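**Student:** how would this look folded up:
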Amino acid sequence: MRIMPLATAIIVSAFLYFLVFERDRLMAVAGSDTPAPDAPIADATDQAVDETLIRVVVERSQEREIESAVILRGRTEAARAVVVRAETSGQVSSEPLRKGAFVNAGDTLCQIDVGTREASVAEARARLTQAQAGQPQAAAALVQAQASLREAEVNLNAARALRQDGYATETRLVGAEAAYEAAQAGLESARGGLSSAEAAVTSAEAALAAAERELSRVTITAPFAGILETDTAELGSFLSMGGDCATVIQLDPIKLVAFVPELDVNKVTVGAPAAARLASGGEVMGRVTFLSRAADETTRTFQTEVEVANTDLAIRDGQTAEIIIGTDGRMAHLVPQSALTLNDDGELGLRLIDADHVVQFAAVDLLRDTVDGVWVSGLPAEADIITIGQEYVVAGVKVAPFYTEATE
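**Tutor:** Down below sits the predicted model:
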């Protein structure tokens, strides 16, 4: 009695299964008595094969040239920054200039009390005059010594001739020789006197120059046009040699400083165009002016500098900036980021299909990330890229593609 209900339940369950899950096959069996139109055997075979293939969405992509760039994080830096220090000591006699003030090259920053420096200059100048006055006397003494030597030489020659002819005594000849030697000694002495006089003049000139240099050091001036980052030394304060007078920075032009990774260093060249977006929101343009030849020992990166105009001084020293340095253009494909995948070796790439709809894997290099997708290189000029379904196929598998328009 229990067998019939059980059999009935099995039959009903089978009917429901075919009705829900095998509806198409059930309808085909039910309509098998109805004659079907003639169809080519080949078409039926192809349809059966297509039903076994995995369907994927494919995008036909054409490579395009894009402007390549190196993106860095950096900061702004003053073109020049100098702590102006005193080269002499003394009391400050000038009113201070306040930080933030603009100064031109040569403007007085600190004035130190002159003290006895002017008197030292006057004394050195007097000594120079005295030394210069001794030069003519030494020159005249040299001329006189030269004349005395010539006279002694004539007398010596005459005494020798007379002695040879027997008209002069030996004593006269010896006296003439002694006079000649004395004249020679006098000439050497006169030459020494002239050299001493010239040395005295040179020494006096050096002393005067040193005194004037010391006097000029009491006025401390700005080495270049810029902005005071600190107040100048206060009136009445004492500045010792090497003491700080003020700090001056130059902000026009201003530098953008960043460090280029080792992998990108060959892409950056001096003179390349560059742009930067400041953390405050401003954007500036400039050119690369420096690229280090030596890597940082710790980070293995290379310092680079970009010079930009800052005529309104709106850019400050030390601001954070995102720097974009232009490089040579490259051919690349724009693809959806979701199309990227990994192969069994962990390589990043894309899955493509060939003319026979067989899947191939191609490793790619990421060039740039945009809101429309990612720019990649490493693909052929024209590629059929699987954008949906790439995770369900592997290289060598034949698929049934559905084509879509390329990403713009």
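**Student:** which parts of this structure are helices?
**Tutor:** Ranges of helices in the chain, per DSSP state H, are 3-21, 23-30, 41-52, 117-165, 170-216.
**Student:** to residue 335, which of the ones you listed lies closest?
**Tutor:** helix 41-52 (26.4 Å; CB to CB). From N, CA and C alone the C-beta is placed, and that goes for glycine too.
**Student:** give the contact list for the nearest residue to residue 336 once chain neighbours are set aside.
**Tutor:** Excluding the flanking residues, the one nearest residue 336 by CB to CB, 6 or more residues apart in numbering is residue 373, at 5.0 Å. If a contact means CB atoms under 8 Å, 6 or more residues apart in numbering, then residue 373 has 334-337, 407 as its contacts.
**Student:** which of the residues you listed tops the neighbour count?
**Tutor:** With neighbours defined as other CB atoms under 10 Å, the most crowded of those is residue 335; it has 23 neighbours.
**Student:** about what we covered before: quick one: the residue nearest to residue 336 and residue 357, what's the gap?
**Tutor:** 24 Å (CB to CB, to the nearest Å).
**Student:** quick one: the strands in the stretch 201-350 of the chain?
**Tutor:** 219-221, 226-228, 238-239, 244-260, 273-278, 283-291, 302-308, 320-326, 330-335, 341-342, 348-353 (DSSP state E, counting those that start in this stretch).
**Student:** okay, the ones you listed in a markdown table with mean pLDDT and distance to residue 86 next?
**Tutor:** A markdown table is the format used below for the strands of the stretch 201-350 of the chain (pLDDT from 0 to 100; distance: least, CB to CB, whole Å):
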| stretch | mean pLDDT | distance to residue 86 |
| --- | --- | --- |
| strand 219-221 | 95 | 6 |
| strand 226-228 | 94 | 16 |
| strand 238-239 | 94 | 4 |
| strand 244-260 | 95 | 6 |
| strand 273-278 | 94 | 37 |
| strand 283-291 | 95 | 32 |
| strand 302-308 | 97 | 31 |
| strand 320-326 | 94 | 35 |
| strand 330-335 | 90 | 56 |
| strand 341-342 | 92 | 66 |
| strand 348-353 | 94 | 62 |
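**Student:** dump those strands into TSV; add distance to residue 213 as well.
**Tutor:** Formatted as TSV, the strands of the stretch 201-350 of the chain follow (distance: least, CB to CB, whole Å):
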stretch	distance to residue 213
strand 219-221	12
strand 226-228	25
strand 238-239	17
strand 244-260	18
strand 273-278	44
strand 283-291	35
strand 302-308	35
strand 320-326	43
strand 330-335	60
strand 341-342	73
strand 348-353	68
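**Student:** reformat the helices of the chain as TSV; add mean neighbour count, distance to residue 242 and mean pLDDT.
**Tutor:** As requested, those are exported to TSV (neighbours: other CB atoms under 10 Å; distance: least, CB to CB, whole Å; pLDDT from 0 to 100):
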stretch	mean neighbour count	distance to residue 242	mean pLDDT
helix 3-21	10	95	59
helix 23-30	11	97	52
helix 41-52	9	89	50
helix 117-165	15	18	87
helix 170-216	15	15	88
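**Student:** show the contacting residues for the nearest residue in space to residue 76 that is not next to it in sequence.
**Tutor:** Nearest residue to residue 76 in three dimensions, chain neighbours excluded: residue 319, at 4.5 Å (CB to CB, 6+ apart). Contacts for residue 319 (CB under 8 Å, 6+ apart) come out as 75-76, 278-280.
**Student:** same thing but 10 Å
**Tutor:** 74-77, 254, 256, 276, 278-280, 282 (CB atoms under 10 Å, 6 or more residues apart in numbering).
**Student:** most surrounded residue in those?
**Tutor:** residue 256 (28 neighbours).
**Student:** ok, now how distant is it from residue 267?
**Tutor:** 17 Å.
**Student:** ditto for residue 153
**Tutor:** 84 Å.
**Student:** same check, this time on residue 84
**Tutor:** Counting by CB to CB, the gap from residue 84 to residue 267 is 40 Å.
**Student:** ok, now residue 314?
**Tutor:** 30 Å.
**Student:** these two: which is more packed in?
**Tutor:** residue 267 (16 against 12).
**Student:** name the nearest residue to that one, ignoring sequence neighbours.
**Tutor:** Residue 267 sits nearest to residue 327 (CB to CB, 6+ apart), 4.4 Å away.
**Student:** thinking again about what came up before, using a markdown table, lay out the contacts of residue 373 together with distance to residue 163.
**Tutor:** Output for the contacts of residue 373, formatted as a markdown table (distance: CB to CB, whole Å):
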| residue | distance to residue 163 |
| --- | --- |
| 334 | 117 |
| 335 | 120 |
| 336 | 124 |
| 337 | 120 |
| 407 | 122 |
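**Student:** going by distance to residue 99, which of those wins?
**Tutor:** residue 337 (50.0 Å).
**Student:** ok, now how distant is the closest one from residue 373?
**Tutor:** 6 Å.
**Student:** does residue 277 really touch residue 76, like I thought?
**Tutor:** No - the criterion here is CB atoms under 10 Å, and residue 277 misses it with residue 76 at 11.9 Å.
**Student:** number of residues surrounding the residue nearest to residue 234 when sequence neighbours are not counted?
**Tutor:** Take residue 234 and drop its neighbours on the chain: the residue closest to it by CB to CB, 6+ apart is residue 96, 5.2 Å away. Other residues near residue 96 come to 18 when the count uses other CB under 10 Å.
**Student:** same question for residue 401.
**Tutor:** When neighbours are counted by other CB under 10 Å, residue 401 registers 20.
**Student:** please renumber so the chain begins at 14
**Tutor:** Got it, the first residue is 14 from now on, which makes the last one we talked about residue 414.
**Student:** re earlier: mind listing what the residue nearest to residue 280 touches?
**Tutor:** 80-83, 277, 279-282, 285-286.
**Student:** out of these, who's nearest residue 309?
**Tutor:** Using CB to CB, residue 277 is the member of the contacts of residue 340 that lies nearest residue 309, at 14.4 Å.
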